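# no sequence on this one, just coordinates:
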């Protein structure tokens, strides 16, 4: 059995292969850019009015002759003479012969005569050509996360596609004779299967959508065939249950028969002690505990960082925040613990119902508090390690 730090170190050392694909910008959202992108244009591509008003060819008088109008999208191709003005709207191209824009609230208009209430300085209310970015400057560097703003920025530069790191596909295998689907009649000795939809939801929440589901009974050959199929069809495989050493836990034997290399098995933590991590070529396999809360804890702590790394996101295993404890808490455990918790402002509250089979408190949690093994007292205000979920 290894420590959580050793488990993090082993996973950190793995060489995670990444594939590059070209997607439309809408499809590329929530992906990581796989190349540095340079702007093909100046943005804005012209001098731009920042508000509604009048573009002025400045002179010493406070009165101007109005000689035209420029809406957004129009181009004014006449030369303004000193003392002339054109009405202009936000976002429209300011003529090169105009030196400033005065907002509509600071003028009086009488027929074709414009009277300004104050003298304007050169370039007032004018966004300069290339103010946001100049042609051939770096728009976004490789490794940038394509959120809504990044997608809008690239589209505004004229891009329709982007090369990104492809997100890994994930197979979820659920094992166990005791499992029945929600909605079916619950016979004696049976429980409703919830881990598949729970893990699938966690994946969707993290923007991983290429998911395949598999279910297998407690049978060695069926387990081996199902794992082999999932490995052939996915980049990362999550197995729920069957990794312990009971008479009907066949996952470990099946993985061994498929020549899956063991990275580690069993971590000195609670919940999630029987966690398994392995690899087959560039495929990564996690066998998660069957208890729902333990399974979800291992997902957030170990699986999700692996998915991020395979997606090109710079991420370090064991990344955590330090938050002040809202109440005293007694630690008395031979294993490190990941405790369901809730962060409110700068304080974190450790929730009740920490049993590995219980999800009711997990449903209220937005964090996990990590506490090392031992017997000691944590006091209100003490800083503790927190993983956001």
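It's in. All values reported here derive from a predicted model rather than from experimental measurement.
# low-scoring stretches of the stretch 151-300 of the chain, by residue?
For the stretch 151-300 of the chain, the stretches with pLDDT under 70 are 177-184, 186-190, 192, 242, 244-248.
# All the strands of it, in order from the start?
161-165, 170-175, 179-180, 191-192, 211-216, 236-240, 261-265, 269-270, 276-280, 283-288 (DSSP state E, counting those that start in this stretch).
# close enough to count as contact, residue 286 and residue 243?
No. Using C-beta atoms under 8 Å, residue 286 is not in contact with residue 243, being 9.4 Å away. Every C-beta, even on glycine, is put in place using the N, C-alpha and C of the backbone.
# Identify the contacts common to these two.
Shared contacts of residue 286 and residue 243 (C-beta atoms under 8 Å, 6 or more residues apart in numbering): 275, 276.
# For stretch 95-114, measure first residue to last.
18 Å (C-alpha to C-alpha, to the nearest Å).
# let me fix that: stretch 291-308
Using C-alpha to C-alpha, one end of stretch 291-308 lies 24 Å from the other.
# how about residue 357, secondary structure?
Secondary structure for residue 357, judged by DSSP: H, G, I helix; E, B strand; the rest coil, is coil.
# ok, it touching residue 289?
No. Counting by C-beta under 8 Å, residue 289 is not a contact partner of residue 357; they are 9.5 Å apart.
# who has more neighbours, those two?
Using other C-beta atoms under 10 Å, the more surrounded residue of residue 357 and residue 289 is residue 289, with 25 against 14.
# Tell me the confidence at the residue nearest to residue 141 when sequence neighbours are not counted?
Spatially, and ignoring its direct neighbours in sequence, residue 141 is nearest to residue 36 (5.0 Å; C-beta to C-beta, 6 or more residues apart in numbering). Per-residue pLDDT puts residue 36 at 98.
# mind checking which of the strands of the stretch 151-300 of the chain is nearest residue 368?
With distances scored as C-beta to C-beta, the stretch of those nearest to residue 368 is strand 269-270 (10.8 Å).
# Any idea how far the closest one is from the middle of the chain?
Strand 269-270 has its C-alpha centroid displaced from the chain centroid by 27 Å (C-alpha atoms, centre = their mean, to the nearest Å).
# Would you mind measuring the gap between the ends of stretch 100-113?
Stretch 100-113 has an end-to-end distance of 17 Å (C-alpha to C-alpha).
# Can you get me a residue count around the closest residue to residue 20 other than its chain neighbours?
Closest residue to residue 20 apart from its sequence neighbours, by C-beta to C-beta, 6+ apart: residue 34 at 4.5 Å. By other C-beta under 10 Å, 20 other residues sit near residue 34.
# So residue 34 is in contact with residue 165, correct?
Yes. Counting by C-beta under 8 Å, residue 165 is a contact partner of residue 34 at 5.0 Å.
# list residues touching both of those two?
18, 20, 312.
# and the nearest residue to residue 284 once chain neighbours are set aside, what is it in contact with?
Closest residue in space to residue 284, ignoring its immediate chain neighbours: residue 236 at 4.9 Å, by C-beta to C-beta, 6+ apart. Residues counted as contacts of residue 236 (C-beta under 8 Å, 6+ apart) are 168, 169, 170, 171, 283, 284, 285, 286, 303, 306, 307, 310.
# swap the cut-off to 6 Å and go again
By C-beta atoms under 6 Å, 6 or more residues apart in numbering, the residues touching residue 236 are 168, 170, 284.
# So it versus residue 230, what's the distance?
Look at residue 236 and residue 230: by C-beta to C-beta, to the nearest Å, they are 10 Å apart.
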